[in-house]
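>>> Give me a model of this one.
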Amino acid sequence: VGVLMFHLASGVLPFSSHNGKLVQIAEGIRARPARDLAAMTHGRVSPRFCLLCHRLLSKDSSLRPQTAHEVLVNLIGLNDKSLNRDEMFEGIAARLVSSS
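You can find the predicted model right below:
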């Protein structure tokens, strides 16, 4: 999810390889941090979104969101963690319907 979000926001993958060989790409993913999304997008992407992407791409699993629900809460900016999943999805559906 982090790679997809990063790519959609920046147009490039979060990890780079100089020659594109699979071994070097895998080593880059394993050993190097992701590129700096905020710097790459020059302020066009919210700092909160950048932070979420980098959390999703973190090498340390304790820093990554632990559930899809946590990612969703961060994406839609809900601070009210008392909402249950059904209420949250109903809210998203209502936003989608009202924006079309």
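
>>> going forward, measure contacts between C-alpha atoms and count neighbours the same way
Noted.

>>> How about the residue nearest to the spatial centre of the chain, nearest residue that isn't a chain neighbour?
Computing the C-alpha centroid of the chain and ranking residues by Cα atoms, centre = their mean puts residue 53 first, at 2.9 Å. Ranked by Cα to Cα, 6 or more residues apart in numbering and with sequence neighbours excluded, the top spatial neighbour of residue 53 is residue 2, at 5.1 Å.

>>> quick one: contacts for the one you found?
Under the criterion of Cα atoms under 8 Å, 6 or more residues apart in numbering, the contact list for residue 2 reads 52-57.

>>> contacting residues around stretch 53-65?
Outside stretch 53-65, the residues touching it (Cα under 8 Å, 6+ apart) are 1-3, 5-6, 30, 33-34, 71.

>>> can you rerun that using 7 Å?
Residues from elsewhere that reach stretch 53-65 (Cα atoms under 7 Å, 6 or more residues apart in numbering): 2, 5-6, 34, 71.

>>> Name the member of the residues you listed that has the highest neighbour count.
Compared across those, residue 6 has the highest neighbour count, 25 neighbours, by other Cα atoms under 10 Å.
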